[in-house]
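In: Got a predicted structure plus its sequence, pasted below:
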Amino acid sequence: MEKIPETITGTNIRKRPAFLRLVRKMMLFTIPFWALIALYLYDDPFMVLHKYDLYDSDVMLNEHHVGWQIYKNHDDSVHFNSFILGNSCTMAFRCREWEKYLDSGDRAIRLFGNGETIKAISLKLRALDREGAKIKNVLMILDRSSLSHFELRTGPRDILPAAISEANPFIVQMEFMQAFAMPDFLFPYLKYRITGKVEPDMKQMNPYGRIRDPKNNDALNPREKQIEQEGEAYWSNRKKEFPERDGTVSIAAPAIFQRQRIILDEIKEILHRHGTSVRIIISPDYIQRELHADDRKILQDIFGKENVYDFSGINEFTKDYHNYYEAGHYRPLLGNKLLERIY
């Protein structure tokens with residue numbers, strides 16, 4: 001008697017429906033995953049997948065990416081040759097104000113990062129160099145934190161664009177995709193998408209609307225409007241943001257060691273090759289902690305004593321609390337005074 005092939009026996013016939021049910025369950029299980037990816041690709045909430053004319057959003061964006069894209073959007077028409085680099089305290093320095101002290105026709109743009117590191121500054125200068133940019137003027141805004149941190153930061157708010165870091169673009173994009181899928185962002189974002197409203201408890205969202213100039217990335221800080229409306233009450237009602245100072249001189253621990261020195265030398269090499277006019281400002285810290293003298297001397301040795309301006313510590317600029325939005329950031333009215341002083 002001829003043997004019946006095993007593939008058509010009753011046992012395998014019974015196994016097929018079970019296998020198909022498993023496949024269907026797996027497909028149903030992955031539907032939310034694919035829906036999430038589709039939503040991310042469609043919305044591009046962090047504005048990193050496509051090119052945009054305006055980079056103001058209801059989502060807090062990666063400032064490294066925003067600054068670089070604004071530069072790419074307008075460099076062909078504006079021909080930027082002057083760059084404000086450094087941490088978020090660059091918000092105190094307006095490009096148009098700085099241009100008053102530069103040669104006629106010089107055009108500036110702000111390329112900053114929150115919690116900027118000197119390594120990120122070095123890579124931005126290298127990226128500009130690769131782009132064939134003319135780096136004629138550089139205004140660098142630093143503090144002890146930016147000097148001490150020499151490693152690149154990660155995460156959606158801090159990772160550098162692949163065009164700057166030369167990292168794998170897929171790895172950079174995965175940082176944003178993973179951040180999108182995290183509950184502390186995803187759930188508030190979905191609520192925002194349904195209601196169209198940014199609520200105060202929505203983390204990583206921007207409730208202020210427009211916060212930057214679309215052509216040169218100048219900061220448009222909403223606190224200026226609050227100060228205009230509230231007057232002196234702005235500071236008296238925010239005592240927690242302005243801790244008491246006892247007038248005692250406090251000196252920060254040294255920040256610059258061998259690894260930091262290597263990166264600062266890299267920055268100097270690029271600036272020297274371009275014949276760049278550089279000014280380095282050590283921010284006037286509200287806490288009035290003074291930069292260590294060793295750090296100041298190293299900066300002066302590398303970039304020239306005449307190009308390094310240390311406004312940290314107790315001085316005429318840090319004494320007046322009206323110069324500050326809060327303990328971490330100072331206002332353009334103080335930035336203008338500092339520009340006048342150094343030029």
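Out: Looks like it arrived, so ask away. Quick caveat, the model's predicted, so the values are computed rather than measured.
In: Strands of the protein, residue ranges please.
Out: In the chain, the segments counted as strands under DSSP state E are 82-86, 108-112, 137-142, 250-251, 277-282, 289-290, 308-310, 324-326, 329-330.
In: What mean pLDDT does the last one get?
Out: Looking back up the chat, that one is strand 329-330. Strand 329-330 carries an average pLDDT of 98.
In: if we look at that strand, which residues are touching it?
Out: With contact meaning C-beta atoms under 8 Å, 6 or more residues apart in numbering, strand 329-330 is reached by 88-89, 91-92, 221, 283-284, 286, 323-324. For glycine as for every other residue, the C-beta is placed from the backbone atoms N, C-alpha and C.
In: Could you save the strands of the chain as TSV and add columns showing mean neighbour count and distance to P188?
Out: TSV is the format used below for those (neighbours: other C-beta atoms under 10 Å; distance: least, C-beta to C-beta, whole Å):
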stretch	mean neighbour count	distance to P188
strand 82-86	25	30
strand 108-112	25	26
strand 137-142	25	32
strand 250-251	12	39
strand 277-282	21	37
strand 289-290	19	35
strand 308-310	18	41
strand 324-326	19	24
strand 329-330	21	25
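In: Export those as TSV, with columns for distance to W34.
Out: Shown next, in TSV, are these (distance: least, C-beta to C-beta, whole Å):
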stretch	distance to W34
strand 82-86	41
strand 108-112	37
strand 137-142	44
strand 250-251	55
strand 277-282	49
strand 289-290	51
strand 308-310	54
strand 324-326	43
strand 329-330	42
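In: quick one: which of those strands is nearest A179?
Out: Evaluated over the strands of the chain, closeness to A179 peaks at strand 108-112, with 20.4 Å, by C-beta to C-beta.
In: hmm, back to that, what's the ChimeraX line that selects buried ones from the contacts of strand 329-330?
Out: In ChimeraX, a selection of the buried entries from the contacts of strand 329-330 looks like this (16 or more other C-beta atoms under 10 Å):
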select :88,89,91,92,221,283,284,286,323,324
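In: so which of the contacts of strand 329-330 comes closest to T154?
Out: S88 (17.9 Å).
In: Who are the contact partners of the residue lying closest to the closest one once chain neighbours are set aside?
Out: Take S88 and drop its neighbours on the chain: the residue closest to it by C-beta to C-beta, 6 or more residues apart in numbering is N114, 5.0 Å away. By C-beta under 8 Å, 6+ apart, the residues touching N114 are 63, 87-88, 157-158.
In: Can you select the buried ones from those residues in ChimeraX?
Out: Buried residues within these, by 16+ other C-beta under 10 Å, are selected in ChimeraX with:
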select :63,87,88,157,158
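In: Throw the contacts of N114 into a markdown table and include distance to D295, thanks.
Out: Formatted as a markdown table, the contacts of N114 follow (distance: C-beta to C-beta, whole Å):
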| residue | distance to D295 |
| --- | --- |
| E63 | 25 |
| N87 | 16 |
| S88 | 20 |
| R157 | 27 |
| D158 | 23 |
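In: Check the contacts of N114 and tell me the two furthest apart.
Out: N87 and R157 (13.1 Å).
In: Point out where the stretch 151-300 of the chain drops to low pLDDT.
Out: Within the stretch 151-300 of the chain, no stretch has pLDDT under 70.
In: For the stretch 201-343 of the chain, which segments count as helices?
Out: For the stretch 201-343 of the chain, the helices defined by DSSP state H, counting those that start in this stretch occupy 222-230, 233-236, 258-274, 293-303, 316-319, 332-342.
In: The stretch 51-200 of the chain too?
Out: In the stretch 51-200 of the chain, the helices defined using DSSP H, counting those that start in this stretch lie at 63-78, 95-99, 118-130, 144-148, 162-165, 169-181, 183-195.
In: sorry, back to before: and which of the contacts of N114 is nearest I302?
Out: I302 lies nearest to N87 out of the contacts of N114, by C-beta to C-beta, at 18.9 Å.
In: Does the closest one touch S145 like I think?
Out: Yes: between N87 and S145 there is a contact under C-beta atoms under 8 Å: 7.4 Å.
In: how much space is there between the residue nearest to S88 and R130?
Out: Here N114 is placed at a distance of 24 Å from R130 (C-beta to C-beta, to the nearest Å).
In: From I298, how far off is the most centrally placed residue in the chain?
Out: Nearest residue to the geometric centre of the chain (C-alpha atoms, centre = their mean): G113, 2.8 Å. Distance, G113 to I298, using C-beta to C-beta: 22 Å.
In: so what sits against both of N87 and S145?
Out: Common contact partners of N87 and S145 (C-beta under 8 Å, 6+ apart): G115.
In: mind listing what Y208 touches?
Out: By C-beta under 8 Å, 6+ apart, the contact set of Y208 is P222.
In: just checking, the residue nearest to the centre of the chain touches K119?
Out: No: G113 sits out of contact with K119 when judged by C-beta under 8 Å, with a separation of 10.6 Å.
In: which residues touch stretch 314-323?
Out: Against stretch 314-323 from outside (C-beta under 8 Å, 6+ apart): 235, 242, 247, 249, 284-286, 288, 290, 311-312, 330-331, 333-334, 337-338.
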